[in-house]
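# Mind looking at a prediction? Sequence and model below.
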Amino acid sequence: MLLPPLRGHSSEYIDKAIRDNYKGKYTIVMGDLNAKVGQRKAGEGKTMGSFGVGARSRRGDMLIEFAEEQKLVITNTYFKKDKTRYWTWESPNEATRNQIDFIVSSQRGIVKNCEVIAKVCITSDHRLVRAKICINTILARLEFINNKKKESINIMKLKERKDEFQLKLKNRFACLDVEDIDLDTRCDKLTTVMLEEAASLASTKKSENTKLEEDKTIEALNLRRKDLRKKEIKTRAEKIEYAEMVKTVRKKRRQRTRKRKYDIILQTLKSGRVPNAARKQDSNKSRICQLRHEDGTLTSDRSQILEICAKFYQDLYSSTKPETDTPKCKANSKKKDELPSVLQKEVTHAIAQMKDNKAPGIFL
């Protein structure tokens with residue numbers, strides 16, 4: 001979030017500017033907020049740390065209230081520093097020092113450090129405040145992709161309920177006000193309305209009523225696992241719980257898949273549709289759809305494909321060539337080359353390469 005300088009404006013204007021522009025997954029609000037938050041009080045553990053300084057002012061109460069409402073944290077108060085590394089503003093007569101410059105973040109876990117830079121000469125009565133921010137980009141990208149996934153719609157089911165779909169769209173479009181907006185926003189609104197109505201009539205997503213008990217159990221465990229994974233800083237107990245949760249979710253998913261396969265096979269055996277069941281179970285395996293005969297013609301017939309494969313491997317492993325005697329090497333047909341004698345300089349070089357105070361070995 002980036003805002004223009006707000007110096008000279010009223011507190012109502014500043015509050016409205018921050019609230020109107022507050023959005024996004026990672027939000028950082030920083031600058032001269034002209035507020036003294038002081039020490040942490042009871043019930044403010046989610047908003048500020050235990051390293052606040054000074055007494056709280058009226059604007060400090062406003063900042064704490066805003067942070068609690070928007071679920072923000074004041075990062076300056078979470079890291080223990082020397083007493084001289086807290087204050088950010090000094091009066092002209094050098095008699096008063098306060099902490100009024102803050103870095104406020106939407107997520108505590110991404111801020112690894114926050115400190116005041118003292119040894120920087122700037123023409124200001126404020127000191128620089130620096131924060132170290134680390135973001136797990138892989139995890140953030142996965143969450144972004146999962147949030148952007150569109151809900152799949154059953155087209156055939158939607159065609160069957162075409163009249164109802166058109167009636168719903170007509171009613172929604174009649175209540176939609178798109179007169180005083182630009183073309184792109186109007187297009188986005190119309191698209192959203194059509195997708196919402198299509199999903200309400202022909203969504204492929206399972207409803208809560210059709211979910212089995214095992215599905216609900218796995219979903220609850222998976223939600224807990226995701227909550228633990230999102231935490232940037234985990235305790236030892238949480239790390240152990242996360243590892244056990246991963247194993248439990250995987251085990252229950254395997255059991256559910258095995259049970260569903262068993263139910264499908266049992267159902268198909270009762271109905272006499274064994275080939276269809278086998279085809280469903282092997283849907284993830286690649287199959288040979290076509291093969292070419294020796295004359296170059298293609299065939300997709302299953303029996304002919306099996307015959308071609310059988311003939312290929314039969315010709316591959318059955319050799320028709322007569323065995324030939326391989327000539328044996330005569331022993332001692334050539335004289336072995338005599339090794340040259342060891343030179344004195346080679347011995348000297350080997351001794352020089354040896355380490356001091358080490359055993360020479362069994363060969364020396």
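Received it, and whenever you're ready, just let me know what you need. Numbering: from 1, shown residues only.

# Going along the chain, name the strands of the stretch 151-300 of the chain.
291-292, 298-299 (DSSP state E, counting those that start in this stretch).

# what helices or strands is the very next helix or strand once past the last one leaning on?
Heading C-terminal from strand 298-299, the first helix or strand you meet, by DSSP states H and E, is helix 302-317. Packed against helix 302-317 by the contact rule (3 or more C-beta pairs under 8 Å, 6 or more residues apart in numbering; DSSP states H and E) you find strand 291-292. Glycine gets a C-beta too; all of them are placed from N, C-alpha and C.

# hmm, try it at 7 Å
Here helix 302-317 touches no other helix or strand, going by 3 or more C-beta pairs under 7 Å, 6 or more residues apart in numbering; DSSP states H and E.

# Looking at that helix now, give me its mean pLDDT.
On average, the pLDDT along helix 302-317 is 83.

# now swap in stretch 168-185 and tell me
76.

# follow-up on the earlier one: most tightly surrounded among the strands of the stretch 151-300 of the chain?
Ranked by mean neighbour count, the strands of the stretch 151-300 of the chain are led by strand 291-292 with a mean of 13 (mean count of other C-beta atoms under 10 Å).

# Okay, now the sheet partners of that one, with direction.
strand 298-299 (antiparallel) (DSSP bridges).

# centre of the chain versus the partner strand, how much separation?
Mean C-alpha position of strand 298-299 versus that of the full chain (C-alpha atoms, centre = their mean, to the nearest Å) differs by 46 Å.

# So for it, mean pLDDT?
According to the model, strand 298-299 has a mean pLDDT of 87.

# now swap in stretch 64-71 and tell me
On average, stretch 64-71 scores 86.

# Can you give me the buried ones in that stretch?
For stretch 64-71, a neighbour-count test (16 or more other C-beta atoms under 10 Å) marks Ile64, Phe66, Ala67 as buried.

# right, and out of those residues, which lies closest to Leu142?
Ala67 (28.1 Å; C-beta to C-beta).

# Report the spatially closest residue to the closest one, excluding sequence-adjacent ones.
Nearest non-adjacent residue to Ala67, counting by C-beta to C-beta, 6 or more residues apart in numbering: Thr47, 4.7 Å away.

# Report the contact partners of that neighbour.
Listed by C-beta atoms under 7 Å, 6 or more residues apart in numbering, the contact set of Thr47 reads Ile64, Ala67, Glu68, Val73, Ile74.
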